[in-house]
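In: When you get a sec, could you give me coordinates for this:
(3 chains)
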Amino acid sequence: MNGKRNDGRFGDRPKKKKTGRMILLFTDFGWAGPYVGQVKTILADVAPGYPVIDLMHDAPAFSPKPSSYLLAALTPWIPRQAVVLAVVDPGVGTARRGLVVRADQRWYVGPDNGLFDGVIRRAESAHPWEITLAPTTKARTFHGRDLFAPVAARIAFGASVPGDQLSESAVRRTDWPDDLGEIIYIDGYGNAMTGIRADSIDPALALSLDGRPLRCFGTFGEAEPGETFWYANSLVYRSTVMRQAEGLKRLPA
Amino acid sequence: MNGKRNDGRFGDRPKKKKTGRMILLFTDFGWAGPYVGQVKTILADVAPGYPVIDLMHDAPAFSPKPSSYLLAALTPWIPRQAVVLAVVDPGVGTARRGLVVRADQRWYVGPDNGLFDGVIRRAESAHPWEITLAPTTKARTFHGRDLFAPVAARIAFGASVPGDQLSESAVRRTDWPDDLGEIIYIDGYGNAMTGIRADSIDPALALSLDGRPLRCFGTFGEAEPGETFWYANSLVYRSTVMRQAEGLKRLPA
Amino acid sequence: MNGKRNDGRFGDRPKKKKTGRMILLFTDFGWAGPYVGQVKTILADVAPGYPVIDLMHDAPAFSPKPSSYLLAALTPWIPRQAVVLAVVDPGVGTARRGLVVRADQRWYVGPDNGLFDGVIRRAESAHPWEITLAPTTKARTFHGRDLFAPVAARIAFGASVPGDQLSESAVRRTDWPDDLGEIIYIDGYGNAMTGIRADSIDPALALSLDGRPLRCFGTFGEAEPGETFWYANSLVYRSTVMRQAEGLKRLPA
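Out: Okay, the predicted model is just below:
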């Protein structure tokens, strides 16, 4: 990650042979079926040698808005120069545009449906392009494989963006809030993640359950057994969780 | 993919350092347990540097016949020179042969149970070998790890095939049809994929439900809400799906 | 794997360009969410070029003890020089130590909670270190990403261990048995794996069901339809399974 996070104790880190550029996948495809595999086949064929990482494949299905806040939360953990291939795309096959976005030295490729709004909103600078490349097949239903993967692969190895520049305002969702007061993801441990940053001080975004405010704790042990509370998860969003009566439960996020 | 699918707009694609050869996994192992991971460990150990891609791990379980039609549908998306390690193998531990098949410049490694029949059926040329290598352990139950993975890895880096040539007819399933009028896969979105190619004109293979013929549409919006219809999926097979009443549903395949 | 398992028939195996070092992940994170993806992002960023393999992500959740026996069973299949990043860590955020263990030329990185006891118990030699590096963030809840991944990555490329040597006895669980008479994993096929090695001759570890001893078979066909029996799985542990009445079922492990 960036230099600040490393403590510099290792002087023997080797020079990278590559630029360090990697491709990360953020989709709602799930792990079943050939869909992720077909996307990766294209990436390995067009951009051999670049690592491809499954960041997550259970983004909120067909839901660009919560997915946008989730992707924004993951962004600080994505290395500069990485290419994020993001597909949450209920409008595939309609006239919605395909986008490439350059934001704070990271690249994003995917549909123009608000999915990148959270990233752009928090970036110091952002530059969008409309993809003008045609899909590689006539299938209207799998742009992840036929359009976004080829574009992401080419950007990974340094090709110019195959599209026309847009103004930032042309792709923004200005009616969306800075923090989203909804549950945007429930993980496998039962943690319910909101779109509210942990350090938000907006009093309207205090978390409550059945009208009763939730307490905030740093560790599970501080809560009463069975108590529902909130904490700052590892993505620095607010999560709510119930402390199990039977003992300490891990806080994975 | 092949040259026809690219539009040639990118003149700056770099030369590949490798041959572009990759290894694709097509199994019914599922994602649980150490089985896929052990296969990949062997591949990375024997053939370091070649990308390994999970094409799918939920092929029809213990069912070589529908798996064969599914693999055939995926083949056009598999680059030439790739090695496909395919394991749907209810007969492991019995006397069934292990096969290597070279078909239209792609390689296939797996059991001789019909799994490669669809690929061979549609190939311009196909050459099978019976694997004569012994498994690496005495375990009779995991040839994916102990036999097929080592063979696939060696083929990836260009070793000669460890086996004896067979005639094509020795491995064919001539009693299987060109198009299979069955549901061969139901994906995570509820699309039911048949083994019938979209452009089949065999009138006996028209799709019907409860005796009523299904209509064919190119997009979901053309169907009536709640109507079950069929469409040509992204693998160019016929899929049936019901249009949701609540709005447009994505067509992922 | 080691030289004994190969039969030497292939003289054309190329020299490896790398040391063959790879990173294997053994966790209870599951496949949902961004957790595995974030760990892999760190690994690809800090140690580019080393293959990362998902050995399994459904180790017994929050349960270091059965996980320890499972990891020990997988170890013979892990190449020498590999780095195993293992996280089953109910105590994350508490004062439990982080460990690096060198055992029989393999490396292990993860929490000090018994997870590596099985590996150390069966190793010819083992050397543990306490990790003294600080996590890369203040988040107390995701040491897999913030502490163990950076350490594993650095070990992969040959950095010195960032920690202080411990005595082997300081990390052992001497009250745990050599073979664990419990079900430690149930796989996707319904096989119930015990922590008892197949060749154990301890009569106290005979398998029974409802007080009746189970018979042992080498193949499913030898059992009566519907009979529950045990066999030596592909990890050379004892598994119990019921023979299906409808025919031969595969033995995947």
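
In: part of a strand, is A:Gly195?
Out: Yes - under DSSP: H, G, I helix; E, B strand; the rest coil, A:Gly195 falls within a strand.

In: Am I right that it is in contact with A:Trp176?
Out: No - A:Gly195 lies out of contact with A:Trp176 (CB atoms under 8 Å); the separation is 9.6 Å. Using the backbone N, CA and C atoms, a C-beta is placed for each residue, glycine as well.

In: Neighbour count: those two, which is higher?
Out: Taking other CB atoms under 10 Å in any protein chain shown, A:Gly195 and A:Trp176 do not tie; A:Gly195 has more neighbours (26 against 15).

In: For the more buried one, which residues count as its bridge partners?
Out: Under DSSP bridges, the beta-bridge partners of A:Gly195 are A:Leu180.

In: Run through the residues that contact it.
Out: By CB atoms under 8 Å, 6 or more residues apart in numbering or on different chains, the contact set of A:Gly195 is A:Pro66, A:Tyr69, A:Leu70, A:Asp179, A:Leu180, A:Gly181, A:Glu182, A:Ile184, A:Tyr237.

In: Just flag the most distant two among these.
Out: A:Leu70 and A:Gly181 (14.5 Å; CB to CB).

In: Look at the two and report which has more neighbours.
Out: Higher neighbour count among A:Leu70 and A:Gly181: A:Leu70, with 27 against 15, using other CB under 10 Å.

In: show me what contacts that one?
Out: A:Leu70 sits in contact with A:Ala59, A:Pro60, A:Gly118, A:Ile184, A:Tyr185, A:Met193, A:Gly195, where contact means CB under 8 Å, 6+ apart.

In: out of the residues you listed, who's nearest chain C?
Out: Proximity of the contacts of A:Leu70 to chain C (CB to the nearest CB) peaks at A:Tyr185, which lies at 7.4 Å.

In: which residues of chain A fall in strands?
Out: Using DSSP state E, the strands of chain A run over A:23-27, A:52-56, A:83-87, A:98-103, A:106-111, A:126-131, A:163-165, A:180-186, A:192-197, A:208-209, A:212-213, A:215-216, A:228-232, A:237-242.

In: Columns mean pLDDT on top of those strands, output as CSV?
Out: Formatted as CSV, the strands of chain A follow (pLDDT from 0 to 100):
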stretch, mean pLDDT
strand A:23-27, 98
strand A:52-56, 98
strand A:83-87, 98
strand A:98-103, 98
strand A:106-111, 98
strand A:126-131, 98
strand A:163-165, 97
strand A:180-186, 92
strand A:192-197, 93
strand A:208-209, 85
strand A:212-213, 88
strand A:215-216, 90
strand A:228-232, 89
strand A:237-242, 81
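
In: With distance to C:Arg106 as added columns, please give the ones you listed in a markdown table.
Out: Shown next, in a markdown table, are the strands of chain A (distance: least, CB to CB, whole Å):
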| stretch | distance to C:Arg106 |
| --- | --- |
| strand A:23-27 | 29 |
| strand A:52-56 | 24 |
| strand A:83-87 | 33 |
| strand A:98-103 | 41 |
| strand A:106-111 | 35 |
| strand A:126-131 | 45 |
| strand A:163-165 | 48 |
| strand A:180-186 | 36 |
| strand A:192-197 | 36 |
| strand A:208-209 | 47 |
| strand A:212-213 | 50 |
| strand A:215-216 | 42 |
| strand A:228-232 | 36 |
| strand A:237-242 | 36 |
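
In: and the stretch 51-200 of chain A, which residues reach chain C?
Out: Within reach of chain C by CB under 8 Å from any CB of the partner chain, the stretch 51-200 of chain A has these residues: A:51, A:53-58, A:74, A:77-79, A:82, A:185, A:187-188.

In: re earlier: among the contacts of A:Gly195, which ones are buried?
Out: A:Pro66, A:Tyr69, A:Leu70, A:Asp179, A:Leu180, A:Ile184, A:Tyr237 (16 or more other CB atoms under 10 Å in any protein chain shown).

In: gap between the fourth one and A:Met56?
Out: Per CB to CB, to the nearest Å, A:Asp179 is found 21 Å from A:Met56.

In: Equivalent analysis for the second one, please.
Out: Taking CB to CB as the measure, A:Tyr69 falls 14 Å from A:Met56.

In: cool, A:Arg106 as well?
Out: Computed with CB to CB, the distance linking A:Arg106 and A:Met56 is 16 Å.

In: Not counting residues beside it along the chain, what's closest to A:Ala232?
Out: Distance criterion CB to CB, 6 or more residues apart in numbering or on different chains; nearest residue to A:Ala232, sequence neighbours excluded, is A:Ala198 at 3.4 Å.

In: And for that neighbour, the neighbour number?
Out: 15.

In: ditto for A:Phe29
Out: Using other CB under 10 Å: A:Phe29 sits among 27 other residues.

In: and the residue most central in space within chain A, how far is that from A:Ala86?
Out: What sits nearest the mean C-alpha location of chain A, by CA atoms, centre = their mean, is A:Leu71, with 2.1 Å. From A:Leu71 over to A:Ala86 the distance is 6 Å, taken as CB to CB.

In: So for these two, which residues contact both of them?
Out: Contacts common to A:Leu71 and A:Ala86, judged by CB under 8 Å, 6+ apart, are A:Phe26, A:Ala59, A:Leu115, A:Phe116.

In: thinking again about what came up before, identify the residues contacting the residue nearest to the centre of chain A.
Out: Applying CB under 8 Å, 6+ apart to A:Leu71 gives the contacts A:Phe26, A:Ala59, A:Val84, A:Ala86, A:Leu115, A:Phe116, A:Gly118, A:Val119.

In: who's the third one bridged to?
Out: Right, the one you point to is A:Val84. A:Leu24, A:Tyr108.

In: Now A:Leu147. Nearest residue, chain neighbours left out?
Out: A:Pro135 (4.4 Å).

In: doesn't A:Asp146 make contact with that neighbour?
Out: Yes - under the criterion of CB under 8 Å, A:Pro135 makes contact with A:Asp146 at 4.0 Å.

In: and the two? which has more neighbours close in?
Out: A:Asp146 (24 against 18).

In: List the contacts of that one.
Out: Counting by CB under 8 Å, 6+ apart, A:Asp146 has contacts A:Pro135, A:Thr136, A:Thr137, A:Ala139, B:Ser234.

In: tell me the contacts of the residue in the stretch 1-150 of chain A that chain C sits nearest to?
Out: Taking CB to the nearest CB, chain C has its nearest neighbour within the stretch 1-150 of chain A at A:Leu55, 3.8 Å off. A:Leu55 sits next to A:Leu24, A:Leu25, A:Phe26, A:Leu74, A:Ile78, A:Val84, C:Pro34, C:Gly37, C:Gln38, C:Thr41 when contact means CB under 8 Å, 6+ apart.
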